[in-house]
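# sequence and predicted structure, then a few things I'm wondering about:
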Amino acid sequence: MSATLLPGVLGLITGLTLIVAIGAQNAYLLRLGIAERAQVVLPAVVICAASDALLILAGVLGMGALVQSAPVALTVIQVLGAGFLFWYGFVAARRALWPSGEVLEAGGQEDSSSVRRVVLTMLALTWLNPHVYLDTVILLGSIANGQPVGRWWWVAGAMLASVLWFSALGFGGRLLRPVFARALAWRVLDGLIAVVMVAIGVRIALGV
């Protein structure tokens, strides 16, 4: 394997191991992929992939030390992030317990307000998570800078992992729509999302 291809593959694998997990961002994007049209899913996928790229780049450029030297900023993000996750967990739990007709209709018409809501929610889920700074900026940045050769190919591979994963999650969600033609399936999904959001919120609030 060439000196450029190997670092790229290693970056791709490393990036996937970090993002392919049940998290608040992934859970929300999956629900969007199942319920919404591409015009709504696209900005969410772009935000996820672009945010990862910016955070990885920040880590490679040495911003990890700045993150570690700003514990107050991380504490503020921790409080805001936990609060937002608790709120979204409550909303998801309410949908699961008392579903409305609208949330059961996959592919409903999108409008500017729904796109705006999706964008703001995804930005909050992405940037109000203190772990994203610790895992992506510090961890991936350190691994990238530790590559003996092909550092930027490694970075490109890690960024590609984000693009592939978030695109598959967002645009592949439509394959599950036949399952979610039933109200019970939506209630189960929203119940799981509520558990995920609250569990991650507790983890963030406790700083673990």
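Happy to help now that I have it.
# for the rest of this, base every contact and every neighbour count on C-alpha atoms.
OK.
# determine the longest helix present in this structure.
helix 71-97 (DSSP state H).
# flag every buried residue along the helix or strand of the chain with the lowest mean pLDDT.
Taking mean pLDDT, DSSP states H and E as the measure, the chain has helix 63-68 as its least confident helix or strand, at a mean of 77. Using 16 or more other Cα atoms under 10 Å as the test for burial, helix 63-68 gives 63-64, 67.
# just to revisit the earlier point, buried residues in the longest helix of the chain?
74, 77-90, 92-96.
# the helices in the protein, which residues?
With DSSP H, the ranges of helices along the chain come out as 5-19, 24-35, 38-60, 63-68, 71-97, 112-127, 130-132, 141-145, 151-172, 183-206.
# and residue 176, what is it in contact with?
Neighbour list for residue 176: residue 34 [criterion: Cα atoms under 8 Å, 6 or more residues apart in numbering].
# so how far is residue 31 from it?
Per Cα to Cα, to the nearest Å, residue 176 is found 10 Å from residue 31.
# residue 38 too?
Residue 38 is 13 Å from residue 31, by Cα to Cα.
# ok, these two, which is more surrounded?
Comparing residue 38 with residue 31 by other Cα atoms under 10 Å, the one with more neighbours is residue 31, at 20 against 17.
# touching, that one and residue 173? I think so.
Yes. In this structure, residue 31 is within contact of residue 173 by Cα atoms under 8 Å, at 7.5 Å.
# excluding its backbone neighbours, what's nearest the most centrally placed residue in the chain?
Centrality entry for the chain: nearest residue to the mean C-alpha point is residue 25, 3.0 Å, by Cα atoms, centre = their mean. Nearest residue to residue 25, sequence neighbours excluded (Cα to Cα, 6 or more residues apart in numbering): residue 125, at 5.8 Å.
# alright, calling it a day.
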